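K.L.:
A predicted structure for the sequence below; I have some questions about it.
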Amino acid sequence: MSDVRKGLNFCRKTKLPVLGVIENMARAERPLKSLKFSDAAGNDRTQAVLAELQAKCPELLQSINVTTDIFTSTGSSVAALATRFDVPYLG
């Protein structure tokens, strides 16, 4: 976010128009069955985990997506930053 803030400040000082701000790397979403699993020692446990899920709750492999935040939240959102700089938030 600090790089975006710096870029917006630069554009403001040089009077460059800003079309908007896009948040493109906030989180990732994948089907559960596409994930790789490892134990605490780093050994690949993917096949064992998927076999266990298939045996005990196969519906999860068909219907559940996993979402994870790529970057930790800094407390302020990209939408709030766009509002503060008076530029459109494009998503």
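P.N.:
The structure has been received and is ready for your questions.

K.L.:
can you pull out the strands in the protein?
P.N.:
With DSSP state E as the criterion, the chain has strands at 27-31, 65-69.

K.L.:
Please tabulate those in JSON lines, including the columns mean pLDDT, distance to Asp3 and mean neighbour count.
P.N.:
To be clear about C-beta, it is placed using only N, CA and C from the backbone, and glycine gets the same treatment. Output for these, formatted as JSON lines (pLDDT from 0 to 100; distance: least, CB to CB, whole Å; neighbours: other CB atoms under 10 Å):
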{"stretch": "strand 27-31", "mean pLDDT": "83", "distance to Asp3": "19", "mean neighbour count": "10"}
{"stretch": "strand 65-69", "mean pLDDT": "83", "distance to Asp3": "18", "mean neighbour count": "10"}
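
K.L.:
beta partners of the most centrally placed residue in the chain?
P.N.:
Nearest to the mean C-alpha position of the chain, counting by CA atoms, centre = their mean, stands Arg27 at 1.1 Å. Legend: beta-bridge partners of Arg27 under DSSP bridges are Asp69.
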